[in-house]
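*Asks:* Okay, here's the prediction I keep looking at, along with the sequence it came from:
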Amino acid sequence: MCLAVPGKIVEESESGALVDFQGNRMDVSTVLTPEAGVGDWVLVHAGFAIAKIDEAAAKETWSYLDQMKNPDPADESDNAETSDG
Amino acid sequence: MDEQTEKSVSDIRTLARSIARSVQIMEVCGTHTVSIFRNGLRALLPDNVRLISGPGCPVCVTAQRHIDASIELSSLEDVIVATYGDMVRVPGRLGNLERQRGVGADVRVVNSARAAVRLARENPTKQVVFISVGFETTAPASAAVILEAEDLAIQNLTMLTAHKLVIPAMLALLADGEVPVDGFLCPGHVSVIIGSDAYRPIVEDHHIPCVVAGFEPRGILAGLAMLLRQIADADARVENAYETAVTPQGNEVAQRLMKKVFAVSNVPWRALGVIPQSGLDLAPAYRHFDALVRFAIELGEDLDHPQCRCGEVIQGKVNPNECHLFGTTCAPTTPIGPCMVSSEGTCSAWFKYNRPSQATRATGTEVKK
Amino acid sequence: MTRVGVRQQSETCIVRAHGGGGELMNKLISEHIISAFGNTTLNQLTDGAVLPAETSRVVITTDSYVVDPLQFPGGDIGRLAVCGTVNDLAVMGARPLGLSLGLIVEEGFELARLDQILSSVAKAAHEADVRIVTGDTKVIEHSGGSGIFINTSGVGSLDDRINIGLDRVEVGDAILVNGTIGDHGMAVMSVRSGLEFDTDIRSDAAPLNGLIHELIDAGVDIHFMRDATRGGLAAVLVDICEQSGLGVEVDESELPRDPIVRAAAEVLGFDLLTVANEGKVVAVVPQDQADMCLGLMTRHTRGRDGAIIGRIVACDLPLVELVTESGGRRVVQRPYGEELPRIC
């Protein structure tokens, strides 16, 4: 009934926190998880952090997404070079 | 298949063999339903383990009268209706919000209730109405937004709230007694908020095992294995296969916000009727945020299609393919019932991810199976 | 005061007269269009373009572009308008001879933005090694749309030896895709109003004729090709099934997916199989040429993340079946329209 994904708080923002989801950064409210701060992992549903979770668990959740052959971030530069309109 | 998945699947098979009868496990949550289908997990289960999908798709259970009210709101001049993408194609009597946009209504798809606050501030000459649905996972977000709006003295934001509560629905199913459920796979993210202790009435009063699970294939299979273990041992406990996020008490901050802004009330569920104490209305102190009050809109009647069996599907009484409309009149492009329109609806998942032999209307022989 | 305002506007924005066939239109063509991508054919400004016929068969295709927003990470409507039509020619096995470019612009559209779009048309055409040989401009009343719509048609020459078609698809054939799926759709989503997020995701919009002709020239006997655009990979695979009457089996674990794109899809509730691409081709090739084809693909800049993702199978029903990473199986269908982000 509810999608929620783990992300890492990378900085505080005016309205909550900037949370990184494996390279996607979104502004998230931390009003439901006042105990979470920069560097913490949180579970985010509909723009709200609903639970602070531990890093190992968060990484395990994402690990199944990271089984791609070539997750080397250096790849992006090449992509940008060839497809930047 | 990773090691843990393999172990869970093998445990499930061994336990199912030892149980040696047919067992029915209800996955209460629509996101579980989708994950199970999308990952093809049914194919991994032994024949005597039957999964039935429960009432945990907030879109599916939103009563038609609320959909109709949202459409009426969107037709008002200078009103911006904001809602989650899940909601815009749900059919009411008068069409759906997406079609309203086609005739000039200002309907915005947002992925957070917070966007409603932003819209209200950016459009001071308009009224923003947020159509707020969801179970306990989503309700605290709505509550937080109401408090923020109150704090900022935002005058042009209201909500049409149709929040629902999971436990009362599960208890209502059990009270009805028509659906033999051997175990509940409980929704992971609702449980983040309400805590795993919330399921104790179900295990204590009804002696039905409850296991809270996450949404990855691994978590779901682990949860199913734990349920089968309990069933094999004739046990009934609350177990938590999602300890990384779910605690026994849940998120108490979120619970407090909900309690402050909302009042528990008797609310209508689509195709199920009114279930006592199963939903949230705005508390008296926050009535001025109620869109129905501000725009003087009366909720109408629910006039569901007489042949639509979504109500029974939601309660696990029938499979989608036992409905006469399924796959013929009612399909994702032309949904009749709510379970077909929501992407996490049981009918939609059956239609999308099953082979046609399973997905279209069952023939006599298949029904027997 | 009023006069100044009017003059300033007409100088920086599109007005009705830009499409009126008069002096202002000539100025638009010479100063903005010809200057961006003029060539000996286009510069003649004749009613149509004369192209040399190199083969006995030509392929013609057309597509209209209405993307919102006009600009997104990794590209814009101009780049799409060139790449999309070039790719439609390329997957037919044709070599592009020239493109037409029809612009429908709303009055009030800023000239500077138009220049930006035209310059990206020029850049993409250069990349694809194709010329814009004829065009048209119309100005319409301001209607609150995204401001500009583009239609491009393309003509390409088709070598007599090329035989690509669904009737050639056989049981046992391998299915390849030239890289990560869903990049374009998620890049556009990241700048959609109300849903914005900050990301490194870039659209994959790119011309594929270079890659495709390298495969053909190297002797890969491609049975069928289609570019996976709206509707995603799922739509192409379902097309193959329905039109060939055969089954398709896809291995989820072999699908090339960028982890960042995958994460964004998780957050917003999308199935990457149904998310749009603008630089991806699905190729069906004989089993014994699959590895050779993959080798050629992965050595090309447009195919470095290419993979053999599945195969054509015999089956009782023409269905696409996905063997999931968890070892389960499920059917893949076309999406039912534009997919929306969801919270459930």
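*Replies:* That came in fine, so what should we check first? Numbering: from 1, shown residues only, chains lettered A, B, ... in the order given.
*Asks:* Give me the neighbour count for the residue in the stretch 1-150 of chain C positioned nearest to chain B.
*Replies:* Proximity to chain B, evaluated over the stretch 1-150 of chain C using C-beta to the nearest C-beta, is greatest for C:Gly144 at 10.8 Å. From N, CA and C alone the C-beta is placed, and that goes for glycine too. Neighbourhood size, C:Gly144 [other C-beta atoms under 10 Å in any protein chain shown]: 7.
*Asks:* Helix, strand, or coil at the residue nearest to B:Leu299 when sequence neighbours are not counted?
*Replies:* Leaving aside its sequence neighbours, B:Leu299 sits nearest to B:Arg65 (C-beta to C-beta, 6 or more residues apart in numbering or on different chains; 4.3 Å). Here B:Arg65 takes the helix state, with states given by DSSP: H, G, I helix; E, B strand; the rest coil.
*Asks:* go on, C:Asn163?
*Replies:* coil.
*Asks:* Quick check: residues of chain B near chain A?
*Replies:* B:2, B:28-31, B:56-58, B:84, B:111-115, B:134-135, B:137-138, B:140-141, B:144, B:166, B:187, B:189-190, B:192-193, B:214-216, B:218, B:244-246, B:251, B:253-254, B:257, B:344 (C-beta under 8 Å from any C-beta of the partner chain).
*Asks:* List the buried residues in the helix or strand harbouring C:Ile308.
*Replies:* Counting by DSSP states H and E, the element that carries C:Ile308 is strand C:307-313. In terms of neighbour count (16 or more other C-beta atoms under 10 Å in any protein chain shown), strand C:307-313 has its buried residues at C:Ala307, C:Ile308, C:Ile309, C:Gly310, C:Arg311, C:Ile312.
*Asks:* Nearest to chain B among these?
*Replies:* Closest to chain B out of those is C:Gly310 (14.6 Å), distances taken as C-beta to the nearest C-beta.
*Asks:* which one is that closest one nearest to, not counting chain neighbours?
*Replies:* Distances taken as C-beta to C-beta, 6+ apart put C:Val250 closest to C:Gly310, at 3.7 Å, once the chain neighbours are dropped.
*Asks:* got a list of what the one you found touches?
*Replies:* When contacts are counted by C-beta atoms under 8 Å, 6 or more residues apart in numbering or on different chains, C:Val250 is found next to C:Ile175, C:Leu237, C:Ile309, C:Gly310, C:Val320, C:Glu321, C:Leu322, C:Val323, C:Val332.
*Asks:* show me the contacts for the last one.
*Replies:* Going back to what we said before, that points to C:Val332. Counting by C-beta under 8 Å, 6+ apart, C:Val332 touches C:Ala234, C:Leu237, C:Val238, C:Val250, C:Leu273, C:Val320, C:Glu321, C:Leu322.
*Asks:* for the chain, what are the low-confidence residue spans?
*Replies:* Since you didn't name a chain, this refers to chain A. A:1, A:64-85 (pLDDT under 70).
*Asks:* Actually, chain C is the one I wanted.
*Replies:* C:1-10.
*Asks:* Going along the chain, name the helices of it.
*Replies:* C:2-12, C:23-28, C:35-37, C:77-91, C:111-128, C:183-189, C:209-217, C:232-244, C:259-268, C:290-299 (DSSP state H).
*Asks:* List the contacts of the residue in the stretch 51-200 of chain B that chain C sits nearest to.
*Replies:* Using C-beta to the nearest C-beta, the single residue of the stretch 51-200 of chain B nearest to chain C is B:Gly85, 3.1 Å away. B:Gly85 makes contact with B:Val109, B:Asn111, C:Gly269, C:Leu340, C:Pro341, C:Arg342, C:Ile343 under the criterion C-beta under 8 Å, 6+ apart.
*Asks:* what does B:Ile275 give?
*Replies:* B:Ile275 touches B:Pro168, B:Ala169, B:Ala172, B:Asn266, B:Val267, B:Trp269, counting by C-beta under 8 Å, 6+ apart.
*Asks:* Could you double-check that the fifth one lies in contact with B:Pro276?
*Replies:* This means B:Val267. No: the pair B:Val267 and B:Pro276 fails to qualify as a contact (C-beta atoms under 8 Å) at a distance of 9.2 Å.
*Asks:* quick one, which of these two is more surrounded?
*Replies:* B:Val267 (23 against 12).
*Asks:* which residue is nearest the centroid of chain A?
*Replies:* A:Phe21 (1.9 Å; C-alpha atoms, centre = their mean).
*Asks:* Identify the residue nearest that one in space, chain neighbours excluded?
*Replies:* In space, A:Phe21 is closest to A:Gly7, 4.2 Å off (C-beta to C-beta, 6+ apart).
*Asks:* so what's residue 53 bridging to?
*Replies:* As the question left the chain open, I've gone with chain A. In this entry, A:Ile53 is beta-bridged to A:Trp41, by DSSP bridges.
*Asks:* that's the wrong chain, I meant chain B
*Replies:* Beta-bridge partners, per DSSP bridges, of B:Ser53: B:Glu27.
*Asks:* List the buried residues for stretch B:236-256?
*Replies:* B:236, B:238-242, B:244-246, B:250-251, B:253-255.
*Asks:* picking up where we left off before, what sits opposite the residue nearest to C:Gly310 in the beta ladder?
*Replies:* C:Gly310, C:Leu322.
*Asks:* Count the neighbours of B:Gln230 for me.
*Replies:* If we define neighbours as other C-beta under 10 Å, then B:Gln230 has 21 of them.
*Asks:* swap that for C:Ile150, please
*Replies:* 24.
*Asks:* Same check on B:Glu178?
*Replies:* Count around B:Glu178 with other C-beta under 10 Å applied: 11.
*Asks:* now do C:Leu118
*Replies:* Neighbour tally, C:Leu118, other C-beta under 10 Å: 20.
*Asks:* residues touching the closest residue to chain C within the stretch 151-300 of chain B, list them.
*Replies:* Chain C sits closest to B:Pro217 of the stretch 151-300 of chain B, with a gap of 3.9 Å, by C-beta to the nearest C-beta. By C-beta under 8 Å, 6+ apart, the residues touching B:Pro217 are B:Thr5, B:Ser35, B:Asn39, B:Leu41, C:Thr324, C:Glu325, C:Ser326, C:Gly328.
*Asks:* the longest strand in chain A is where?
*Replies:* Scanning chain A for the strand with the most residues, using DSSP state E, yields strand A:5-13.
*Asks:* tell me which strands and helices that strand is in contact with?
*Replies:* strand A:16-21, strand A:24-28, strand A:41-45, helix A:55-63, helix C:259-268 (3 or more C-beta pairs under 8 Å, 6 or more residues apart in numbering or on different chains; DSSP states H and E).
*Asks:* Paired strands for the first one, with orientation please.
*Replies:* What it means is strand A:16-21. Strand A:16-21 is paired, per DSSP bridges, with strand A:5-13 (antiparallel), strand A:24-28 (antiparallel).
*Asks:* who's in contact with the last one?
*Replies:* For strand A:24-28, the external contacting residues (C-beta under 8 Å, 6+ apart) are A:7, A:9-10, A:13, A:15-19, A:42, A:44, A:47-49, C:190, C:197-199, C:201, C:260, C:263-264, C:267.
*Asks:* list the buried ones in it?
*Replies:* Buried-residue list, strand A:24-28, by 16+ other C-beta under 10 Å: A:Asn24, A:Arg25, A:Met26, A:Asp27, A:Val28.
*Asks:* Could you do the longest one as well?
*Replies:* Residues of strand A:5-13 classed as buried by neighbour count (16+ other C-beta under 10 Å): A:Val5, A:Pro6, A:Gly7, A:Lys8, A:Ile9.
*Asks:* so which of these comes closest to C:Glu170?
*Replies:* Set against C:Glu170, the nearest of these by C-beta to C-beta is A:Val5 (41.4 Å).
*Asks:* Let me know how buried C:Gln333 is, in neighbour terms.
*Replies:* C:Gln333 has 19 nearby residues by other C-beta under 10 Å.
*Asks:* my read: it touches C:Ala234, true?
*Replies:* Yes: judged on C-beta under 8 Å, C:Gln333 makes contact with C:Ala234 at a distance of 6.7 Å.
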